[in-house]
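> sequence below, structure please.
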Amino acid sequence: MSKAAEVASVSTLYTELKKYIRISEWKQVLKTCNKIIHTKDGRQETLAMISKIVCFIRMSQFAEAIKFIAATPEVQELATFEKAYCQYRLLKLDDALETINDVEEPDLRTLDLKAQIFYKLGHYSECLPIYKKLMKECSDDMEEERMTNYIAVNAALSMFENTKTKMKFLPTSYEQYYNAGCMKLGEEEYDEANKLFKLAEDACRKMLADEPDITEEEIEADVAPIKVQMAYTLQLLGKEDEALQIYHQIVRSRPSDVALLAVASNNIITINRDQNVFDSRKRMKATVANGVDSKLVVQQKKKIDFNRALLFMYSNQWDSCKQLLKMMKSKFEGEEMPYLIQAAMLCREKGLSEAIKFLLSYIEAHSDPEIYGHLDMTNVKLALIQMMLQNEQIPQACELLEGMEDICYKPAIISLLVALYKQHGDNQVDAITQLFDRAIKWNMLSKERIRENKADLTVIMWKCALFHVQHKNNQEAAQVLEKMLSMDPNNVKVMAQLIFAYSKLNREKAHQISERLPSLAELSIEVNVDELEAAASAPRYIKRQKEKKMESAATTGDGGEQAAKKLDIISERSQQMIKTKKKKKKKNPAPKHFQADFVPDPERWVTLRERSTYKGRRKDKRKGATMKGSQGTFSASADQYDMSAKPSTSGTSQASANPAGGATSASGGQQASTSQTNSPKPTPTTARGGGTQASKNKKKKKRGKGGW
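Numbering: from 1, shown residues only. Reported below is the predicted structural model:
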């Protein structure tokens, strides 16, 4: 083939390549690129090689793209961005960062990728200045997306690194509303965050509702991340039931986003705590599904692993817990949580002594300040102190707590130490005194520290003075109170306590300090009558003061007149306030189920028998009736046991014995035997026959007993 024909064929191939790229037929693009590269002068066609790399990226074949770049030295310098991007997509973040750092003059897209890598690595402080530079230098279609990412970086700094950002902006999209809500979460403004998340949800639904091709299920899928974050906000606000309802709703919807499902499942586990372990173990499967690790940031992965370890511990799966903790120690270097979980596991498995030994060995192994100076051992030491106190190792716990100078000289910790010293023994006055002295000296090391810790220092010095007074160390109490008075010369409370201390030591000095106290008239001027429990007592008290001052006014002259005028003003004001203060009439609330139109029964207070609706007691139809035996028996044998048919012991008829049923009584039977022999009523007939048979049986019974 001639050179002209070969050039024509290459030109034709490029035409085909453009056509396939325009219609996104990437397989055909790859075949066409290979045809161009395999021509005679294909090694010089770098454009086809770059197109092949981009084709691999479009087909998500990132590993193949890296292999091709490594095997093609002609494009290694030209495809630096593509190589770094493929490494980023394969989660080889350190390699991607190294590749980008080799670029001497990175362009805007390279800087954008570098910022994304920093964000994925969790280096938010290094990511922030890159986005600031991009927003200043770029003005294109990606400007709104860069602004969204910039807000996301500020939100991550606020949530994960406790860095408060003073960023002010007006959100223009639901993503920006969402990131602004995350920023408020980091600043612990949960109510504001919840409002922003609701605005984000409304903006998202409004935007998607305008697109006709999107179904309701797709809208719910896009809104789901906002709902999960809203549920997390409710969880932080203490509304766990509402948060749990939203989490279950998201999980039941089975979202395609595995990261979203993992976060919702993890948060359900945190609400369950150690109560519903079976449900938590079922939820934990979603947190370790395929693809989750690539979509979560470092802090999210860390918290999920911590919760998995705690779940293994609560379910007594010691081997699984140990394996996970071993992995976490190597994966998250410098984190104290794996060691705290292991100590808790040892405490449950083997007892407090083993857990204390483990934490002591950990502290000793990381005690070198040159190597481990960046580690914060506060939580580990506090956990160890708690275990020592539970194990009744009070002296060791106090010694370890006093060694933590950053928190030891705070009022709460000093109060704890004093209580522990008192519990350990009664002869601990010297130790408590030394503790107070060290705390006061530490808080007064510099003027800046005094300014920062003035409130804490005042509390510590006051408690120290009271402790000395309680143990009759008035000299030490006076020294501490003198320091307090030098810091606040007009503190009446400190003056009074100092006078009390000097009254036991030096009465003259106590008298000198007492002259600095304000007079009762000056103190009474600032009295707020509204805050007094009995407002009526204020005028009487002021009148007594007024009478005393008026008696001394004759000797003092103008000064007495001025004091009297002040007291007049006070008494008038107090009396006016008492007059204007009226008691509010409280409205009696209506009782529950109250009916305004209901008319009660007028006879409700009359006894039951005297009411007009009383119908008398119910008649007992069975009373006075003869007993009946089973079917087929002789009536005479049944009447033998009918006590109502037997004659009375007096031999007379008592018709009044049963006034309601006289026709069926024994007297009715006697009346029938004398005057109504042909009566059709069965009961008198039975009564008569029963009486005759009973007398016969009685005679037979006597003959049997007497032998007659």
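
> can you count the residues close to the nearest residue to Tyr177 once chain neighbours are set aside?
Using C-beta to C-beta, 6 or more residues apart in numbering and skipping the chain neighbours, the partner closest in space to Tyr177 is Ala200 (3.6 Å). Placement of C-beta: from N, CA and C, glycine included. By other C-beta atoms under 10 Å, 25 other residues sit near Ala200.

> swap in the one 4 residues further on?
Neighbours of Cys204 under the rule other C-beta under 10 Å: 20.

> likewise Gln512?
Look at Gln512: counted by other C-beta under 10 Å, it has 12 neighbours.

> doesn't Asp222 make contact with Leu208?
Yes: at 6.2 Å, Leu208 and Asp222 qualify as touching, with contact defined as C-beta atoms under 8 Å.

> please save the CA atoms from the stretch of helix or strand the residue nearest to Tyr177 belongs to in PDB.
Element membership for Ala200, per DSSP states H and E: helix 190-209. Presented in PDB, the C-alpha positions along helix 190-209 are these (Å, rounded to 0.1, in the frame of the first residue of the first chain):
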ATOM      1  CA  TYR A 190     -29.700  20.600  65.600                       C
ATOM      2  CA  ASP A 191     -33.000  22.500  65.200                       C
ATOM      3  CA  GLU A 192     -31.500  24.700  62.500                       C
ATOM      4  CA  ALA A 193     -30.100  21.600  60.800                       C
ATOM      5  CA  ASN A 194     -33.500  19.900  60.800                       C
ATOM      6  CA  LYS A 195     -35.100  23.000  59.200                       C
ATOM      7  CA  LEU A 196     -32.400  23.000  56.400                       C
ATOM      8  CA  PHE A 197     -33.000  19.300  55.800                       C
ATOM      9  CA  LYS A 198     -36.700  19.900  55.400                       C
ATOM     10  CA  LEU A 199     -36.000  22.700  52.900                       C
ATOM     11  CA  ALA A 200     -33.600  20.400  51.000                       C
ATOM     12  CA  GLU A 201     -36.300  17.700  50.800                       C
ATOM     13  CA  ASP A 202     -38.900  20.200  49.500                       C
ATOM     14  CA  ALA A 203     -36.400  21.600  46.900                       C
ATOM     15  CA  CYS A 204     -35.600  18.100  45.700                       C
ATOM     16  CA  ARG A 205     -39.200  17.100  45.300                       C
ATOM     17  CA  LYS A 206     -40.000  20.300  43.500                       C
ATOM     18  CA  MET A 207     -37.100  20.000  41.100                       C
ATOM     19  CA  LEU A 208     -37.900  16.300  40.300                       C
ATOM     20  CA  ALA A 209     -41.600  16.900  40.000                       C
END
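
> check which residues of that helix are buried.
Within helix 190-209, the residues that count as buried by 16 or more other C-beta atoms under 10 Å are 190, 192-194, 196-197, 199-201, 203-204, 208.

> again with stretch 9-18
10, 13-14, 16-17.

> ok, stretch 27-41 next?
28-30, 32-33, 35-37, 39.

> likewise stretch 276-292?
Those would be 280-281, 283-284, 286-287, 292, for stretch 276-292 by 16+ other C-beta under 10 Å.

> just to revisit the earlier point, list just the nearest of the buried residues of helix 190-209 to Phe169.
Leu196 (12.1 Å; C-beta to C-beta).

> what would the buried residues of stretch 9-18 look like in a markdown table with pLDDT?
Formatted as a markdown table, the buried residues of stretch 9-18 follow (pLDDT from 0 to 100):
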| residue | pLDDT |
| --- | --- |
| Val10 | 79 |
| Leu13 | 85 |
| Tyr14 | 84 |
| Glu16 | 87 |
| Leu17 | 86 |
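
> relative to Asp456, which of these is nearest.
Within the buried residues of stretch 9-18, distances to Asp456 taken as C-beta to C-beta reach their minimum at Leu17, with 74.2 Å.

> wait, doesn't that closest one sit right on Lys35?
No: Leu17 sits out of contact with Lys35 when judged by C-beta under 8 Å, with a separation of 9.0 Å.
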